[in-house]
Every structure is written in structure tokens, then in C-alpha cells.
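predicted model follows, preceded by the sequence.
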Amino acid sequence: MKIGKRAKREAKQLFRFCLVDGMLDESRARQVAQRVVAAGRRDCPAILAHFRRLVRLDLARHTATIESATPLPADFQAAIEAGLTRRYGRGLATAFAHRPALIGGMRIQVGSDVYDGSVRAGLAALERSF
């Protein structure tokens, strides 16, 4: 679906309305979506599509996935969470996962930022260089 400039602009304004202290308020987002649908405007699907995209990107930006080859001790998890909070700000939801396929090391993803210090990534980079 092609989204016009006006629909994008209105979706951005609606998204900004849903922010409270820089964090997305889910109840406001639901209310905004319901009111846009209730308005019955012709460009309603385009506005909602862009609004949904902005919400999805914001949620990804505030979600951290930490994968490690071995289960991490609680104190190390707390240190990682503190570092990520310092770097990305408050309101960051973290999820720790045990993934033996990494062979060793750790992989952290926050939104589109990926920090990969795993052995698997190192071996893949070595393989690409040949």
C-alpha cells in the first residue's frame, strides 16, 4: 500500500501524542487507533499502517535480546542490563536466551543494533574472508 505524505504526517502526529515522557503509552495508542477507525476517513488504512509501523519500531527500539552459549549468572545479567540501560535509557525490556549454536560468546540485539561477539560470528567472518 502506498502511503501519502499527509497520511504519514498525521500518523507521526498521532504517534507523538501517544508518548508520555518519551515512552509509548499502550492505552493511548489503542485509543488513537480506535478513534481513527471510528472517524471513518478515506485514508484511515494508510494512517493506521504507518502508525502501526512507528509503534512496532518503537517497541523494537526498547527491547533487548541477549543470547549466550551458556546460561549467564544473575550478577552478570544485572551488569548487562545496567550497561544497556545506561546506553539506551530507561524502559528497556530485556530477554535472556540460552543458545548453544553460538558455540561461545554472546549476541545482543536492541532494535536494529546488533553486537555479536560469538564464536559462530567470528567463524562466519573468517569463512567470508576466504
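Great, that's in hand. Numbering: from 1, shown residues only.

where in the protein is pLDDT low?
Counting by pLDDT under 70, the chain contains low-confidence residues at 1.

just give me the residue right at the centre of this structure.
The C-alpha lying nearest the average C-alpha coordinate of the chain belongs to residue 60 (Cα atoms, centre = their mean; 0.8 Å).

so which strand or helix has that one?
Taking DSSP states H and E as the definition, one finds residue 60 inside helix 44-61.

list of residues touching that helix?
With Cβ atoms under 8 Å, 6 or more residues apart in numbering as the contact definition, helix 44-61 has outside contacts at 1-4, 7-8, 10-12, 14-15, 18, 24, 29, 32-33, 36-37, 41, 88, 110-112. In this view, the C-beta of every residue, glycine as well, is placed from N, C-alpha and C.

restricted to helices, list those residues.
Among the contacts of helix 44-61, the subset assigned to helices under DSSP state H consists of 7-8, 10-12, 14-15, 29, 32-33, 36-37, 88.

among the residues you listed, which ones are buried?
Members of those that pass the buried threshold by neighbour count (16 or more other Cβ atoms under 10 Å) are listed as 7-8, 10-11, 14-15, 29, 32-33, 36, 88.

surely residue 64 meets residue 89?
No - with contact defined as Cβ atoms under 8 Å, residue 64 does not count as touching residue 89 (11.5 Å).

who has more neighbours out of these two?
When neighbours are counted by other Cβ atoms under 10 Å, residue 64 and residue 89 differ, and residue 64 comes out ahead with 22 against 12.

confirm the more buried one sits in a strand?
Yes - judged by DSSP: H, G, I helix; E, B strand; the rest coil, residue 64 forms part of a strand.

just give the number of residues close to residue 78.
11.

and what of the one 4 residues further on?
By other Cβ under 10 Å, the residues close to residue 82 number 10.

over to residue 22?
Based on other Cβ under 10 Å, the number of other residues close to residue 22 is 9.

how about it, what does it touch?
The neighbourhood of residue 22, defined by Cβ under 8 Å, 6+ apart, consists of 89, 91.

for residue 43, same thing?
By Cβ under 8 Å, 6+ apart, the neighbours of residue 43 are 4, 6-7, 10.
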